[in-house]
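Novice: build me a model:
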Amino acid sequence: MRNSFTMTRAATGAARQGRRRRVKLDMGLIMIVGVLSLWGFIILYPFYNAVLVSLVSEFHYIQNPLMLIPPEINFNAYRIVLSNEQIISGYLITIYAVVTGTTFNMILTVGMAYALTKRFPGRGIVLTMVIVIMFFDGGLIPTYLLIRNLGLIDNLLVYIFPTGFSPFYMFIVRAYFQSLPNSLEESAKIDGANELVILARIILPMSLPVLATVTLFYAVQHWNQYFAGLIYIRDISKRPLQLVLRTIIIGIEQVMDPNMPAELRENIFGEGVKMAAVVVTMAPVMFLYPFMQRYFMKGITIGAIKG
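Specialist: Here you go, the predicted structure:
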């Protein structure tokens with residue numbers, strides 16, 4: 001009887017301790033979820049607020065600048081932005097730069113990364129040169145003179161050729177290539193495959209996570225670029241989307257100048273037009289990111305850690 005009573009008390013004590021641990025774990029999990037949810041809201045709210053400001057009137061915005069739900073929706077700001085004659089040409093130029101520029105970047109990045117995984121005379125010199133250009137450049141004036149001498153002024157190729165490749169992304173891709181088993185390449189060589197066949201049929205299919213990640217990074221850079229169009233392009237019809245939206249925003253600020261006649265400022269909500277321009281710019285990239293998100297951590301971390 002005494003032994004059974006002792007065992008019952010021990011079981012009861014163990015059950016109580018288990019309940020206490022579960023309560024502690026539940027409270028800790030609730031706190032973690034709460035903190036992460038608050039942090040996520042702080043990050044996402046500026047984007048959400050930009051969309052709201054672009055969809056409401058000036059009257060409702062003044063009443064509640066930090067609204068969560070718009071009392072009514074109107075698309076006047078988007079009509080002003082999308083009615084600009086240059087918006088279509090800006091989109092086409094930017095899409096051209098994204099597609100051709102990203103393709104050009106990836107060809108150079110993959111080729112350089114794969115070549116630098118091999119041992120050849122002068123590889124150390126090439127690596128040193130790549131590291132140097134990662135931290136230093138020629139400066140604005142020498143770059144402009146080079147672009148002018150190459151005949152790229154007012155030429156759409158100025159969005160493509162000067163970008164070349166990013167040494168940082170190249171080293172990430174190179175590290176990922178080095179992490180792949182050497183036995184795959186050796187067996188392919190035994191079967192008679194050359195370097196191009198090995199790269200195209202073995203290395204690249206196994207490197208899709210890092211390639212997708214780097215491709216997206218290049219594409220976002222081209223999507224957001226404006227400097228080349230601002231410095232090297234004189235023809236308005238060849239300017240990218242970012243410069244077109246900049247022109248729209250500057251025009252709205254001039255219209256909203258208090259010194260301008262009141263009839264010009266009527267029914268135009270300056271902040272709404274600016275936020276509509278922001279949404280038009282960032283929406284395509286934001287829609288693309290969720291589909292590529294699963295490649296980010298896998299591609300970057302594996303390439304960085306195993307290298």
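
Novice: give the next helix or strand downstream of whatever helix or strand residue 144 lives in.
Specialist: In the assignment (DSSP states H and E), residue 144 maps to helix 140-149. Next in sequence after helix 140-149, counting helices and strands by DSSP H and E, comes helix 167-179.

Novice: flag every buried residue along that following helix.
Specialist: For helix 167-179, the buried set under the neighbour-count rule, 16 or more other CB atoms under 10 Å, comprises 167, 169-177, 179. C-beta here means a position set from N, CA and C on the backbone, and glycine is covered the same way.

Novice: give me the residues contacting the helix holding residue 144.
Specialist: 137-138, 153, 158, 162, 231-232 (CB atoms under 8 Å, 6 or more residues apart in numbering).

Novice: out of the residues you listed, which end up buried?
Specialist: Using 16+ other CB under 10 Å as the burial test, the contacts of helix 140-149 include 158, 232 as buried.

Novice: how about residue 136, phi and psi?
Specialist: phi -130, psi 150 (degrees, to the nearest 10).

Novice: what sits against it?
Specialist: Taking CB under 8 Å, 6+ apart as the definition, residue 136 has no contacts.

Novice: now do residue 235
Specialist: Here residue 235 is in contact with residue 154 (CB under 8 Å, 6+ apart).

Novice: gap between it and residue 61?
Specialist: Look at residue 235 and residue 61: by CB to CB, to the nearest Å, they are 37 Å apart.

Novice: for residue 197, same thing?
Specialist: In terms of CB to CB, residue 197 sits 60 Å off from residue 61.

Novice: these two: which is more packed in?
Specialist: residue 61 (18 against 13; other CB atoms under 10 Å).

Novice: list the contacts for the more buried one?
Specialist: 53, 67, 269, 271-272.

Novice: which of the buried residues of helix 167-179 lies closest to residue 102?
Specialist: Nearest to residue 102 among the buried residues of helix 167-179, counting by CB to CB, is residue 169 at 11.4 Å.

Novice: for the nearest residue to the closest one once chain neighbours are set aside, what are its contacts?
Specialist: Closest residue to residue 169 apart from its sequence neighbours, by CB to CB, 6 or more residues apart in numbering: residue 214 at 4.8 Å. Applying CB under 8 Å, 6+ apart to residue 214 gives the contacts 106, 109, 169, 172-173, 299.

Novice: now these as TSV including distance to residue 40 and pLDDT?
Specialist: Putting those into TSV (distance: CB to CB, whole Å; pLDDT from 0 to 100) gives the following:
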residue	distance to residue 40	pLDDT
106	32	94
109	33	93
169	28	91
172	27	89
173	31	90
299	23	51
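
Novice: same question for the helix holding residue 144: list its buried residues.
Specialist: Within helix 140-149, the residues that qualify as buried by neighbour count (16+ other CB under 10 Å) are residue 147.

Novice: now do it, average pLDDT.
Specialist: For helix 140-149, mean pLDDT is 89.

Novice: cheers, nothing more for now.
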